[in-house]
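Engineer: Test case, fold it:
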Amino acid sequence: MRTRFRPSSLVPAGFIIDHLDVGIDRIGLVVRSGSATATCPDCRTSSCRIQSRYQRRAADLPLGGRRVELQVMVRRFWCDAAACGRKIFAERFSDEVLPTFARRTSRLEQIVHHLGLALGGRPGAGLAQRLMLPVSRDTLLRVIRRRATTHSYSLSVIGIDDFAWRRNHRYGTLVCDLERRRIVALLPDREQATAQTWLKMNGSIRIRADLCDVDLTRRAAHRRRMEPIG
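Structural biologist: Predicted coordinates:
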């Protein structure tokens, strides 16, 4: 049986397309939530009484060599809970779709994050322009720093290496969780005292490895040189 193409498959899950505008280098999509109700962020009461609407813009993954901009029609609802101090609230979307106050969808944010990790600021921004991703080198670095400081688990095995904020001018220290294979901290310089201070603040660390001696893409073929902490 042939599967029928649906325009809603072009946008993140939960959105419905109301209008499509295709330009030379841009695609504009007017979308709205497919849910008839929304939940108050304070009291978690569900409401279906709409108070007003406003438009929110967010970038999404490119399509057909064109950058994509979502114009999300956000509804404001009345909260009917008598004990709730918030009488009017705006509907919110899942963090896996479009986080609160975000200007990019979660799936685009994920691509931007990996692009920044792989290439850094200026090279990553250059490739992003070719891929029709509306991000700058500063944005790439901000995304890396923001995600590096949002871990809530204890660290055990880490890798440390230096990186360039600006080549031949300013360098920093990168700290990576080798068990989960993700960056957890970007220190402002590469001085030994700075790294030692950070290690003292994270007493759960047992093993440290120098990433300059580690090829993360060939872990099975190379042994790491590791040294215990403390």
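
Engineer: what's the burial count for Leu178?
Structural biologist: Leu178 has 20 neighbours, counted by other C-beta atoms under 10 Å. Where you see a C-beta, it was placed from the backbone N, CA and C, and this is true even at glycine.

Engineer: which ones are touching it?
Structural biologist: Contacts for Leu178 (C-beta atoms under 8 Å, 6 or more residues apart in numbering) come out as Val157, Ile158, Gly159, Ala209, Arg224.

Engineer: wait, doesn't the third one sit right on Glu179?
Structural biologist: No: the pair Gly159 / Glu179 is not scored as a contact, 10.3 Å apart, by C-beta atoms under 8 Å.

Engineer: more crowded one of those two?
Structural biologist: Gly159 (23 against 12).

Engineer: that's a helix at that one, yeah?
Structural biologist: No: under the criterion used here (DSSP: H, G, I helix; E, B strand; the rest coil), Gly159 is strand, not part of a helix.

Engineer: Quick one: list the elements packing against the lengthiest helix in the chain.
Structural biologist: Selection of the longest helix in the chain by residue count, based on DSSP state H, yields helix 106-119. Here helix 106-119 touches strand 50-63, helix 122-130, helix 137-148, going by 3 or more C-beta pairs under 8 Å, 6 or more residues apart in numbering; DSSP states H and E.

Engineer: tell me the SS of the closest residue to Asp189 other than its chain neighbours?
Structural biologist: Leaving aside its sequence neighbours, Asp189 sits nearest to Gly172 (C-beta to C-beta, 6 or more residues apart in numbering; 6.0 Å). Secondary structure assignment for Gly172 (three-state DSSP): strand.

Engineer: I figured Gly172 hits Ile160, correct?
Structural biologist: No: counting by C-beta under 8 Å, Gly172 sits too far from Ile160 to count as a contact (11.2 Å).

Engineer: in the sheet, who's paired with the residue nearest to Asp189?
Structural biologist: Phe163 (DSSP bridges).

Engineer: Same check on His19?
Structural biologist: Those that pair with His19 in a beta bridge, by DSSP bridges, are Val30.

Engineer: That one contacts Leu29, doesn't it?
Structural biologist: Yes: counting by C-beta under 8 Å, His19 touches Leu29, with 7.4 Å between them.

Engineer: That'll do, ta.
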